[in-house]
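Q: Could you work out the structure for the sequence below:
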Amino acid sequence: MIDERLQQVFRDVLGDQGLELSEGTTARDVEGWDSLAHINLMVSVEGEFGVSFTSAQLTAFQDVGALQRFLTERGALA
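A: Prediction:
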């Protein structure tokens, strides 16, 4: 299950309040999730969860589940 706050960040940035993410969701699965949207997502995630990404990490997450695991490991998610 995807954390509700993380899901809401994606909904807000991508402008789709009906968006439902799964751990396996990738940019290919979501209309509008292009390279610019990805940067906006990462900046929004940093602000919402109080984490910072290195430039390598910005493109390292293969799917939403990988991002959620990163946030959990950093203590940003309960």
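Q: And His38, how far from Thr54?
A: 15 Å (CB to CB, to the nearest Å). The C-beta positions use only the backbone N, C-alpha and C, and glycine is treated the same way.
Q: Mind checking which of the two has more residues around it?
A: Neighbours around His38 and Thr54, counted as other CB atoms under 10 Å, are more numerous at His38. The numbers are 15 against 7.
Q: in what helix or strand does that one lie?
A: Assigned by DSSP states H and E, His38 belongs to helix 35-49.
Q: Show me the strands in this protein, by range?
A: Remark: strands of the chain are absent; assignment by DSSP state E.
Q: Quick one: neighbours of Val51, just the number.
A: For Val51, the neighbour count with other CB under 10 Å is 15.
Q: OK, contacts around it?
A: With contacts defined as CB atoms under 8 Å, 6 or more residues apart in numbering, the neighbours of Val51 are Val45, Phe70, Leu71, Arg74, Ala76.
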